[in-house]
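need a structure here:
(2 chains)
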Amino acid sequence: MIFGKAIMRIAPALLIAVAGVMHSALAAEDASSGVKFSVEAAAIFGKRCTACHTYGKGIKVGPDLKGVTERRKHDWLLKFIHSSSTVIKSGDPTATNLFAEFKQQRMPDWTDLSEKQVNDILDYLAVGGPDIKPDDERNAELAAPSEIEHGRRLFSGRDSLQYGAQACITCHSIQGLPWGGSLGPELTQTYVRYQDRALTEFLRHPCFQWRTANPAARYLTPKESFALKSFLRRMALEQATRASAQGVDSQRATNPTNGNSSVASRSPRQGEGQKP
Amino acid sequence: MNRTLLFSAWPYIAATLFVTGTAVRYVLERKNTAAVKEEMSEAWAVFRGSWWWRVSVIALLLVHAGALLFPQTLLAWNRRPERLYVLEAFALTAAFTAMAGAATLLWRHLSRSNRSPITELSDTAFITFLLVGILSGILMAIFYRWASSWGALILTPYVVSLLRADPAGELAAQMPFVVRLHVFSTFAAIAVLPLTRLAAFLVFGMNAGLKSLARPISAIGSGAEEWLRRHNPARWLWPEED
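Take a look at the predicted model:
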């Protein structure tokens, strides 16, 4: 009974602590430039705003949103995003001008967004969030040795993945790491097959039906995705180098006079154009 | 048949057959305690097997229960490769032992038949499903390494989804054939269980459980009857009749 009471007492505190950790994990993401913004705001912007607005690419259905936080007052933006119809009906000159300028097409009322969510979106726009390239979109060629090593540790499960996904080695094997799983395919040539951009896209989605206690949680952070992609590239290059070396050895064995074979002179990157 | 539909519906069909079969057996046999006890001793003779068989089956059940009840603990354990190897080696050894035990049981059972064809057929089917389940488990461990890890990630959520009545059949349907066979044969064994001699244990357990549940209700009823006898309201309601 005492134990039960103690659990009941500490449970709310534990819940708050867990919720706090999860919130902070989702609230701010360190992008490649070091600028922080809300991941949720970026997602809402991508889902709701980009259908009608661009960021720095001109007018679409509505105005270009680059610099909007400097052009308009914060309170006005807050009211307009929540209910543009109310602001237009009130006779606000800026709102009525916009309404006339954009062929009387009114922006939907986003009444379901909280004030914090709208503020986060405005902050995201103010720091130039849409222009910031996510970490995972960097080309794996640019990876530092520490990032490749981080990828190796994530792949093998020595470092945990932030959102609770299981290490790749649970289901996959790769040359150079012993005792990988065999449920999924062997991944040594993955980078060669997919190339950088497609692999980036692939790593944004779970490779099997993945359920988590927190539905808002994503699969990999951009940094983890980049580290894994860099590690896969390194493994593909190492395998190609080994294959080249073996090719030289076998050619030397069959034809000792011709040591400078075409296989030996082949760059590891030449094989990267292959399709799956 | 659509695989996702199969793995969404089959567990519930198996559970329905299990519950209905057990209920029917209970209704038919609950009053014949002597027959139930005799059938229990027969079941023990058929399914007892060797000490190794019993221990290996219990070990396998515990490993599966651990993966179903504490998947995160299991995944944390498996994070260190040496611990993963120990667990997998232990489970594989238990599975080989259990397979040998199940094969022996089936062989012995087929060589002696003395009851109704339905019971004999059901016992044979049950042991066969067990054997298929164990064999497919061994093949999984050999061809799809680290099933204790990916099983906790994929099959545990599948079972949880079934318990929540929100079946995620696609989780099992996307798996290789031996994994699907493992899942299917497990539910098949559950479905035929009430038709086997082992159902006597279920009837006995249900009888004992319901009796122990009924005891407090019966005690309350007796107490109320006693209280009413002592404080008979008729004396106050119709005093002239005394």
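
alpha carbons only for contacts and neighbour counts from here, please
Noted.

centroid residue for chain B?
When CA atoms, centre = their mean is applied to chain B, the residue found nearest the centroid is B:I190 (5.9 Å).

which helices and strands sit right next to whatever helix or strand it lives in?
In the assignment (DSSP states H and E), B:I190 maps to helix B:177-192. If you count contacts as 3 or more CA pairs under 8 Å, 6 or more residues apart in numbering or on different chains; DSSP states H and E, helix B:177-192 packs onto helix B:3-29, helix B:117-143, helix B:169-173.

Go through the ones you listed and pick out the most buried.
helix B:169-173 (a mean of 21; mean count of other CA atoms under 10 Å in any protein chain shown).

Please report phi then psi for B:L163.
In terms of degrees, to the nearest 10, the main-chain angles of B:L163 are phi -70, psi -30.

How confident is the prediction for it, by pLDDT?
Note on B:L163: pLDDT of 94.

quick one, which of the helices and strands packed on helix B:177-192 is nearest to B:R230?
Across the helices and strands packed on helix B:177-192, B:R230 has its closest neighbour in helix B:3-29 (37.6 Å, CA to CA).

ok, the closest residue to B:V63 other than its chain neighbours - contacts?
In space, and not counting its chain neighbours, B:V63 is closest to B:A91: 7.4 Å by CA to CA, 6 or more residues apart in numbering or on different chains. B:A91 is in contact with B:A59, B:L60, B:V63, counting by CA atoms under 8 Å, 6 or more residues apart in numbering or on different chains.

right, and the first one touches B:A94 too?
Read it as B:A59. Yes - assessed by CA atoms under 8 Å, B:A59 is found in contact with B:A94 at 6.7 Å.

Those two: which has the busier surroundings?
Neighbour tally, B:A59 and B:A94, criterion other CA atoms under 10 Å in any protein chain shown: the higher count belongs to B:A94, 22 against 17.

which SSE is that one in?
Following DSSP H and E, one finds B:A94 within helix B:81-111.

what's the angle from that helix to helix B:117-143?
Angle, helix B:81-111 to helix B:117-143, by axes from the mean of the first three to the mean of the last three CA atoms, to 10 degrees: 150 degrees.

Check which residues of helix B:81-111 are buried.
Buried residues in helix B:81-111, counted by 16 or more other CA atoms under 10 Å in any protein chain shown: B:84, B:87-88, B:91-92, B:94-103, B:105-106, B:109.

Now do that helix, average pLDDT.
91.

Then stretch A:167-183?
Mean predicted lDDT for stretch A:167-183 stands at 88.

Phi and psi next, for B:Y144.
Main-chain dihedrals, B:Y144, degrees, to the nearest 10: phi -130, psi 80.

Report the contact partners of it.
B:Y144 neighbours (CA under 8 Å, 6+ apart): A:C171, A:G181, A:S182, A:L183.

Not counting sequence-adjacent ones, nearest residue to the residue nearest the centre of chain A?
The centroid of chain A falls nearest to A:P222 when counting by CA atoms, centre = their mean (3.8 Å). Closest residue to A:P222 apart from its sequence neighbours, by CA to CA, 6+ apart: A:D136 at 4.6 Å.

Go ahead and confirm that neighbour touches A:K223.
Yes - the pair A:D136 / A:K223 is scored as a contact, 6.1 Å apart, by CA under 8 Å.

Tell me where chain A has strands.
Assigned by DSSP state E, chain A shows strands spanning A:29-30, A:36-37.

what about B:L69, how many neighbours?
For B:L69, using other CA under 10 Å, the count is 14.

And it, how far from B:E29?
Counting by CA to CA, to the nearest Å, the separation of B:L69 from B:E29 is 34 Å.

and chain B, which of its residues are near chain A?
B:79-80, B:143-146, B:149-150, B:153-154, B:157, B:170-171 (CA under 8 Å from any CA of the partner chain).

possible to save these as TSV with distance to B:F201?
TSV is the format used below for those (distance: CA to CA, whole Å):
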residue	distance to B:F201
B:R79	40
B:R80	41
B:F143	37
B:Y144	36
B:R145	36
B:W146	35
B:S149	34
B:W150	34
B:L153	34
B:I154	33
B:P157	30
B:E170	35
B:L171	33
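
ok, back up a step: quick one: contacts for the residue nearest to the centre of chain B?
Listed by CA under 8 Å, 6+ apart, the contact set of B:I190 reads B:A14, B:A15, B:F18.

now those residues as CSV including pLDDT?
Formatted as CSV, the contacts of B:I190 follow (pLDDT from 0 to 100):
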residue, pLDDT
B:A14, 96
B:A15, 96
B:F18, 95
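
ok, those vs A:D123, which is closest?
Nearest member of the contacts of B:I190 to A:D123, counting by CA to CA, is B:A15, at 53.7 Å.

how near is that closest one to A:I59?
60 Å.

Identify the spatial nearest neighbour of A:G180, chain neighbours not counted.
Spatial nearest neighbour of A:G180, excluding adjacent residues (CA to CA, 6+ apart): A:S173 at 3.9 Å.

Who are the contact partners of A:E137?
A:E137 is in contact with A:R197, A:T200, A:F226, counting by CA under 8 Å, 6+ apart.

Report the contact partners of B:P11.
B:P11 is in contact with B:L162, B:F187, counting by CA under 8 Å, 6+ apart.

how about 10 Å then?
Neighbouring residues of B:P11 by CA atoms under 10 Å, 6 or more residues apart in numbering or on different chains: B:17, B:159, B:162-163, B:167, B:169, B:183-184, B:186-188, B:190-191.

what do you get for A:D92?
Contact partners of A:D92, counting by CA under 10 Å, 6+ apart, are A:W76, A:T86.

what's the pLDDT at it?
Per-residue confidence at A:D92 stands at 90 (pLDDT).

Also A:L203?
A:L203 is given a pLDDT of 88.

Test my guess that it contacts A:S225.
Yes - using CA atoms under 10 Å, A:L203 is in contact with A:S225, at 6.2 Å.

Next, show the common contact partners of those two.
Common contacts of A:L203 and A:S225 (CA under 10 Å, 6+ apart): A:D136, A:Y219.

quick one: which of the two has more around it?
Using other CA under 10 Å, the more surrounded residue of A:L203 and A:S225 is A:S225, with 24 against 19.
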